[in-house]
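A.B. asks: the following block contains a protein sequence and its predicted model.
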Amino acid sequence: MDEPRVLLTNDDGIDAPGLASCYEELTAVADVTVVAPMENQSGVGRTRSHRTARESHPWGYALDGTPADCVAYGLRGLDTDFDLVVSGCNHGPNAGNYVVGRSGTVGACIEAGFLGTPGIAVSAYHCEDFFVSPPAEYDFDRPARVMSEVVVRALSGDIFETADFLNLNVPVDVADPEMRLTEPHHDYDLLVEHDTDGEIDEQANQGTVGDIALRDVVWPDTAGWENPFDGDADLAERYPAGSDRRAIIDGAVSLSPLTAPAVGVESGTLERMVGAFNESEAARQRAEREAAGEQ
């Protein structure tokens, strides 16, 4: 095929080192246009804005908005028919069903899926530090190289006939990591912390407590932004082979093929429930008509 046209975005902002590494790798194999957020937009999922603004950038445009805004504008606001959206490279992994669903990096590819364009979301992780932060202290060349090879292979095959986008997690500190086909693992809870010293409205029917912390619990024995690898927990025992988190624990490349929009599922139980509801409604309507005729 001709040189593919790639729309490149991220959620860490247009000046992020991860995006720079992806741009450098992609320009060797594709015609690349960048539309990325002006500022960090981590964790915004597929949030969209009603209005935005853009600034010119040597690689394309910086947008005052979210990653999904960038994709929406790039795919519908530019005079280019893109073959693929690439989002990343994120400064930290995006693995696990809940994290994937809330990720701005992945949210960009979900937006692309709704607009009919396949995508690849790429994120980086460190086998000891977990998060690659501060990003200036890490090298994103390896995740970018793996991403670039996946781009070439995916576009030359029929990968996107069954998957709308690929979620890719690559270690920055493993020389030759193996790649595993994975699926996001469901492992999520929430820790709510109340500040009992906060202001309480004694006049209200229910006391108002200030400073409530909602802390994600997405890895065992951690909350919020703690490093799940910094402990004695046997994480490999918790996550089954084939899950994206197990691949990360083992220092491998995790590749999960996903769909967007969400795909409906068949359910005999739901079909029976719908049938029973319709029968009940029909019986109720007949009874009402009969009662009205008697009066």
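C.D. replies: Thanks, I have the structure now. Numbers count the residues shown, from 1 in each chain.
A.B. asks: tell me the buried residues in stretch 38-53?
C.D. replies: The neighbour-count criterion (16 or more other Cβ atoms under 10 Å) identifies M38, Q41, S42, V44, G45, R46, T47, R48, T52 as the buried residues of stretch 38-53. For glycine as for every other residue, the C-beta is placed from the backbone atoms N, C-alpha and C.
A.B. asks: need the contact list for G43.
C.D. replies: If you count contacts by Cβ atoms under 8 Å, 6 or more residues apart in numbering, G43 has them with D11, R102, S103, G104.
A.B. asks: make it 6 Å
C.D. replies: G43 is in contact with R102, counting by Cβ atoms under 6 Å, 6 or more residues apart in numbering.
A.B. asks: and if you look at the one 10 residues further on?
C.D. replies: For A53, the contacting residues are D64, taking Cβ under 6 Å, 6+ apart as the criterion.
A.B. asks: that one and Y239, how far apart?
C.D. replies: The gap separating A53 from Y239 is 42 Å, by Cβ to Cβ, to the nearest Å.
A.B. asks: what about the closest residue to T52 other than its chain neighbours, neighbour count?
C.D. replies: Nearest in space to T52, with sequence neighbours left out and distances taken as Cβ to Cβ, 6 or more residues apart in numbering, is G65 at 3.9 Å. Applying the criterion other Cβ atoms under 10 Å, we find 25 residues in the vicinity of G65.
A.B. asks: likewise the one 4 residues further on?
C.D. replies: Counted with other Cβ under 10 Å, the neighbours of D69 add up to 26.
A.B. asks: which elements pack onto the one helix or strand it maps to?
C.D. replies: In this assignment (DSSP states H and E), D69 forms part of helix 67-77. Using 3 or more Cβ pairs under 6 Å, 6 or more residues apart in numbering; DSSP states H and E as the contact definition, the elements that helix 67-77 packs against are strand 5-9, strand 31-37, helix 104-114.
A.B. asks: residues touching it, excluding its own?
C.D. replies: So helix 67-77 is in contact with 7, 9, 11, 35-36, 41, 46, 48-49, 52, 63, 85, 104, 107-108, 111-112, 115, 117, going by Cβ under 6 Å, 6+ apart.
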